[in-house]
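Trainee: Make a model of this:
(one chain, ligands or ions: 2)
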Amino acid sequence: PALATTTSAAAGVTNVAHRGASAYAPENTIAAFELAGEQGADMFELDVQETKDHELVLMHDTTLARTTDAEQVFPGRSPWNVGDFTLDQIRRLDAGSWKSADYEGERVPTLGEALRMMDGSDMGLLLEVKSPDLYPGIEERIAAELRRHSSWLAAGRVVVQSFDWDSMRTFDRLMPDVPVGLLGTPSTGQLSGLAGFAEQINPQYGTLTAAYVRRVHRLGMDILTWTVDDPDAMRRVIGYGVDGVITNRPDVLSDLVSS
Ligand code: G3P
Ligand code: CA
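Mentor: Ligands and ions are numbered 1, 2, ... in the order given. Presented below is the predicted three-dimensional model:
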């Protein structure tokens, strides 16, 4: 199934900003998503996890240590697992200073805040369910949040992906009209079974081949690859026929496809 989002015209490749324009702005923040839009991204990617009180927040690592000041704010709470803190506690954290003083005071958004604040953008959303094994029932809570922000349910505007393929089977049963993507590189033998519920296969780009892209396409699925920041590597995977490139540098991809 084709993505309904606008594609970068020249290459017809969907430009997906990985954790937002995360080469330049702190990952998984509203600032990074807004910058992605300014840099010509067609979609922005984010990572969803759950707080101790079952609120959905955007964080890549399963701990708060790398991308917030949790170690200073909550000393002695090592290793600062996301799921050990309430939303109220996580709201106190600075999620911007680690990247640059320009982003001091940037907060960890909830999924609901991101859906509300980015609704006016013309971008689609690639929503990664991160480590769902740590958060039983997270699929239901994400489905409920998407239903609360129903403008995102326009055909193809949201794709939900995970490295946990069972979690994506679960999500597909809950929201069969929302496309799901499988992160990783399933074997040829696995692919046809996965095509029964998945719309995308999203592998790391290093070992990707044109033959693998053809195999995925023959089964009726799209293929988006990550995380590609180097223009030569972008050209290579576009040459393989991928449908989308997930990059920390959406501006580089925008320049490449418009030149
Ligand atoms: O969207 C692909 C990519 O986000 C998967 O890896 O570790 O950056 O979440 P990671
Ligand atoms: Ca991710």
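
Trainee: quick one, helices of the stretch 151-259 of the chain?
Mentor: For the stretch 151-259 of the chain, the helices defined by DSSP state H, counting those that start in this stretch cover 165-174, 188-194, 210-218, 231-239, 250-258.

Trainee: Could you check the angle the last one makes with helix 231-239?
Mentor: Going by axes from the mean of the first three to the mean of the last three C-alpha atoms, to 10 degrees, helix 250-258 is angled at 60 degrees with respect to helix 231-239.

Trainee: helix or strand for the residue of the stretch 1-150 of the chain found nearest ligand 1, which one?
Mentor: Going by C-beta to the nearest ligand atom, ligand 1 is nearest to residue 45 of the stretch 1-150 of the chain, at 4.7 Å. Bear in mind the C-beta positions are built from the backbone N, C-alpha and C, glycine included. Counting by DSSP states H and E, the element that carries residue 45 is strand 43-50.

Trainee: what residues does the next helix or strand after that strand touch?
Mentor: From strand 43-50 onward toward the C-terminus, using DSSP H and E, the following helix or strand is strand 56-58. For strand 56-58, the surrounding residues in contact (C-beta atoms under 8 Å, 6 or more residues apart in numbering) are 28-29, 46-51, 82, 87, 90, 108-112, 114, 138, 141-142, 145.

Trainee: least trustworthy helix or strand in this protein by mean pLDDT?
Mentor: helix 250-258 (a mean of 94; mean pLDDT, DSSP states H and E).

Trainee: Please list the residues of the stretch 51-200 of the chain that sit near ligand 2.
Mentor: Neighbours of ligand 2 within the stretch 51-200 of the chain, by C-beta under 5 Å from the ion: residue 128.

Trainee: quick one: low-confidence ranges for the stretch 51-200 of the chain?
Mentor: Counting by pLDDT under 70, the stretch 51-200 of the chain shows no low-confidence range.

Trainee: could you pull out the strands for the stretch 1-150 of the chain?
Mentor: Using DSSP state E, counting those that start in this stretch, the strands found in the stretch 1-150 of the chain span residues 14-17, 43-50, 56-58, 124-129.

Trainee: Just checking: what are the partner strands of the second one?
Mentor: Right, strand 43-50. strand 14-17 (parallel), strand 56-58 (antiparallel), strand 124-129 (parallel) (DSSP bridges).

Trainee: Between helix 165-174 and the longest one, find me the angle.
Mentor: When you say that, I think you mean strand 124-129. Going by the same axes, to 10 degrees, strand 124-129 makes 120 degrees with helix 165-174.

Trainee: any idea of the pLDDT on the closest residue to ligand 1 within the stretch 101-250 of the chain?
Mentor: Distances between the stretch 101-250 of the chain and ligand 1 by C-beta to the nearest ligand atom are smallest at residue 226, namely 3.8 Å. On the pLDDT scale, residue 226 is placed at 98.
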